[in-house]
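Chemist: Output the structure for:
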Amino acid sequence: MKKLCLSNGLRLIIDQVPNSRSISIGVMIRVGTKHETKKTNGIAHFIEHLLFKNRIGSDNLYGNIYIEELGGKINAFTGKEFTCFYMHILNEYLNEALCILRDMVFSFSISNFDFENEKRVVIQEIYQYQDNTLEKVKIASLAHALGESSYAFDILGTVSIYMHFKMMTSV
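Modeler: Now for the predicted structure:
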């Protein structure tokens, strides 16, 4: 396994598996609930969702749909300290995969329609978790143990917070 640090601070971990015909790639960004306030709780998770709505290429496809059309899998998760985007794809599509991840993270552009639609998607996700007793206990336990710490925040945020999220447009 090799560890590299680029001049821009990006750190890479490379592990080559001989005779493998596929690769896994991940990008971890140091943004999670640890970095949120009560007013912004859930924003890291929401941005994770939004980054999948970045459109690419002349076909104007979402990046995740493009990867799936190539036979790959792409997903993400948000945690307390970081957000991770990862994919698994055939070796021959390495360049395309890297371009998709680059564009998702660094060349982000989203429509107002997709912004509002993802708000609805995440609100639905919150409602589903609120129906899950185990999730309720986990969230309540963290709040009890950690008090006001941002580590106690629910990664999803709350419905009331999402109702106030507005898309910023450049002037």
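Chemist: Give the other helices and strands that the helix or strand hosting residue 120 contacts.
Modeler: Assigned by DSSP states H and E, residue 120 falls within helix 112-130. Helix 112-130 sits against helix 43-51, helix 159-164, with contacts defined as 3 or more Cβ pairs under 8 Å, 6 or more residues apart in numbering; DSSP states H and E. Every C-beta, even on glycine, is put in place using the N, C-alpha and C of the backbone.
Chemist: what's in contact with the first one?
Modeler: Helix 43-51 has contacts (Cβ atoms under 8 Å, 6 or more residues apart in numbering) with 31-33, 35-36, 76-78, 83, 85, 104-105, 108, 110, 114-115, 118-119, 121-122, 155-157, 162, 165.
Chemist: give me that answer again for 7 Å
Modeler: Helix 43-51 is contacted from outside by 31-33, 35-36, 76, 78, 83, 104-105, 108, 110, 115, 118, 121-122, 155-157, 165, using Cβ atoms under 7 Å, 6 or more residues apart in numbering.
Chemist: about what we covered before: highest average neighbour count across the helices and strands packed on helix 112-130?
Modeler: Among those, the stretch with the highest mean neighbour count (mean count of other Cβ atoms under 10 Å) is helix 43-51, at a mean of 21.
Chemist: what's the angle from that one to helix 112-130?
Modeler: With axes from the mean of the first three to the mean of the last three Cα atoms, to 10 degrees defining the directions, helix 43-51 sits at 130 degrees from helix 112-130.
Chemist: Pull the number of nearby residues for the closest residue to residue 100 other than its chain neighbours.
Modeler: Once flanking residues are discounted, residue 100 sits nearest to residue 63: 4.3 Å by Cβ to Cβ, 6 or more residues apart in numbering. Residue 63 sits with 25 neighbouring residues when counted by other Cβ atoms under 10 Å.
Chemist: Please convert the helices and strands packed on helix 112-130 to JSON lines, extending it with mean pLDDT and distance to residue 70.
Modeler: Formatted as JSON lines, those follow (pLDDT from 0 to 100; distance: least, Cβ to Cβ, whole Å):
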{"stretch": "helix 43-51", "mean pLDDT": "92", "distance to residue 70": "18"}
{"stretch": "helix 159-164", "mean pLDDT": "88", "distance to residue 70": "32"}
